[in-house]
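Undergrad: just need the structure, nothing else, for what follows:
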Amino acid sequence: MQKKANNVGDFDEVLNALYGKPGTPQREAFRREAYAYCVGSIIHDARKSEGMTQQELAEKVGTKKSYISRIETGSVEPSAGLFLNILNILGLTITRPL
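TA: I've put the predicted structure just below:
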């Protein structure tokens, strides 16, 4: 019987190898990209859940459809004010963990 290899490792080590240690420019760039992707996914899923098109959301927040698309794909990060406005329109709230 062959023994299965245990390839479990520390995820921080993987990130360090791929993107540098925390605080380095490469790691910060990765963090920002990951954050933008997550924010975009949340907005996309909430918009779809509300049955709203990108155009409708754009009109409600006062921007262009193409900008909403870029937010949803993680290409850009919305300003804090626009982000909070989008959350409000989509019925989302920010809560602090206990």
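
Undergrad: please count neighbours and contacts with C-alpha atoms only from this point.
TA: Will do.

Undergrad: residues contacting the closest residue to Arg27 other than its chain neighbours?
TA: If the residues on either side of it in the chain are set aside, Arg27 comes closest to Tyr19, at 4.9 Å by Cα to Cα, 6 or more residues apart in numbering. Going by Cα atoms under 8 Å, 6 or more residues apart in numbering, Tyr19 touches 26-27, 30.

Undergrad: how close does Tyr19 sit to Glu33?
TA: Taking Cα to Cα, to the nearest Å as the measure, Tyr19 falls 12 Å from Glu33.

Undergrad: Gly40 now?
TA: 11 Å.

Undergrad: which parts of the host helix or strand of Ala29 are buried?
TA: Applying DSSP states H and E as the criterion places Ala29 in helix 25-49. The neighbour-count check on helix 25-49 (16 or more other Cα atoms under 10 Å) flags 27, 30, 33, 36-37, 39-41, 43-44, 46-47 as buried.
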